[in-house]
Each structure stands twice: as structure tokens, then as C-alpha cells.
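A.B. asks: Task: produce atomic coordinates for the following.
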Amino acid sequence: MLVALAFLPAIGQAIYFRDRVSWQSPDLASETVTVERARSWGATAMFVDARPDNEFAADHIPGAMLLNEDRWNELLQEFLAQWTPDRKVVVYCSTMSCNLARDVARRLRQEAQLPNVYVLEGGWEEWLRKKK
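C.D. replies: Modelled structure (predicted):
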């Protein structure tokens, strides 16, 4: 009887938070893109590096622009000057578990009202693994 009572809060929490499972990606499938797919977009893809300044300075995807949370207001203006409506924006950070790219992509969609903003699956590490 005690064991059954002990499970009641856990069952209630599982039901209440069923749509917020921590191991699921917070991005919809339509908001992510593979390295191969992003590369197939060619010049229409605009890569945005959401990592800290020092990581971007060390190495980044060729042609990528730096746009991170730390310097959002400053860097957003530079980004928007380069962006055109026909471009697809691909945001990346270090790894798939890194949330920096998700945060920057969310802000580009919501605050800057940009369409076609995607998060690169696997981030910088995946780009390096699939580098030609």
C-alpha cells in the first residue's frame, strides 16, 4: 500500500509533464537541418555561429557570421545587413546538446521575425566530422 501511494506523485508528474520530456529535442523536425541538407542549399544558406567569440575566432564554417547571445544587440545589426529574404539561416553551436544555437534561432524567428531559420543537427562537431 505504501509503495502504491509513493508512486502517485510520480504518476501525476508524468501525466502533467508528458509533453516536456527532457531527452526529447526542443526543436521541431522542421526547425532542424542536417549538414548534408544545409550544404545542398549552396549559396542560399547563411550560416550563423552562436558560439562564444573566442571559439568563432579559432575556427568556424567558411563564410559564417558570428551572432551570439553575449553580443546580440551589436551583432544582430551586422547580421541583418547581410541577410536577404531568399536566404535560409542555419544556426549552429558546438554540439547537439548545446542550446546556444536553439536560443539564437528562436530569437531570430520571434524577435527578428525571420522565416527559414534552422538549427544545424550536431553543430560544429558534426560539420567537422562530415567535412570533405
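
A.B. asks: how about stretch 102-116: buried residues?
C.D. replies: For stretch 102-116, burial by neighbour count (16 or more other CB atoms under 10 Å) applies to 102-108, 114, 116. (C-beta placed from N, C-alpha, C; glycine too.)

A.B. asks: Let's see which of those end up in helices.
C.D. replies: Those of these mapping onto helices are 102-108, per DSSP state H.

A.B. asks: Which two of the buried residues of stretch 102-116 have the greatest separation?
C.D. replies: The two members of these with the most space between them (CB to CB) are 103 and 116, at 17.8 Å.

A.B. asks: what are the ranges of the strands in the protein?
C.D. replies: For the chain, applying DSSP state E gives strands covering 32-33, 45-49, 65-66, 88-92, 117-120.

A.B. asks: Export those strands as TSV, with columns for mean pLDDT.
C.D. replies: Listed next are the strands of the chain as TSV, based on pLDDT from 0 to 100:
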stretch	mean pLDDT
strand 32-33	95
strand 45-49	97
strand 65-66	97
strand 88-92	97
strand 117-120	96
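
A.B. asks: TSV for these, including mean neighbour count?
C.D. replies: Shown next, in TSV, are these (neighbours: other CB atoms under 10 Å):
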stretch	mean neighbour count
strand 32-33	21
strand 45-49	23
strand 65-66	18
strand 88-92	25
strand 117-120	25
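
A.B. asks: Just put those in a markdown table and tack on distance to residue 127.
C.D. replies: Formatted as a markdown table, the strands of the chain follow (distance: least, CB to CB, whole Å):
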| stretch | distance to residue 127 |
| --- | --- |
| strand 32-33 | 12 |
| strand 45-49 | 9 |
| strand 65-66 | 15 |
| strand 88-92 | 7 |
| strand 117-120 | 7 |
